[in-house]
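In: build the 3D model from these lines:
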Amino acid sequence: MYLCYINKLGPNFRGELIYEFIFTNDIDNVNGDDWDRLPASGYPNLPYSDFMSDVMLLKTNSLDLELAKNNDFFTYNDCKDGIIAIGWEESYVTDRMIFKFGDDLETVKGKLYSKDYYLEKIN
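Out: Presented below is the predicted three-dimensional model:
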């Protein structure tokens, strides 16, 4: 499975930030509404459901990711082309995590685990 989208759901009642990490088995064809919109500016929607293979949650009090779907310079399809990452820690963080379109599940888990974060399987 390959990472194709990160969706920030926002804080829960405990104040934890919640992210959906969405994976696909069809990394070459995955797509969604407004993935070609320039700039992305929050418009790109989740991948079409028939492309979603697994969705996992990250809950955290300390990690605030910047997401490509909210950028003001690129399309979300630029993630597919490797021009911009899907998500990343802010630049002042030492050894920051960067999540790229097409990262496999074990790579994503390893990056998170290295900083004591864990994905929860929800489906």
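
In: mind listing what's buried along stretch 61-69?
Out: Neighbour counts over stretch 61-69 (16 or more other C-beta atoms under 10 Å) mark L63, L65, L67, A68, K69 as buried. Bear in mind the C-beta positions are built from the backbone N, C-alpha and C, glycine included.

In: I'd like those written out as a markdown table, with pLDDT and secondary structure added.
Out: Shown next, in a markdown table, are these (pLDDT from 0 to 100; DSSP: H, G, I helix; E, B strand; the rest coil):
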| residue | pLDDT | secondary structure |
| --- | --- | --- |
| L63 | 90 | coil |
| L65 | 94 | coil |
| L67 | 96 | strand |
| A68 | 96 | helix |
| K69 | 95 | helix |
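
In: check which helices and strands the lengthiest helix in the chain sits against.
Out: Secondary structure of the chain read by DSSP state H shows that its longest helix is helix 105-113. In terms of contacts (3 or more C-beta pairs under 8 Å, 6 or more residues apart in numbering; DSSP states H and E), helix 105-113 is packed against strand 2-11, strand 98-99.
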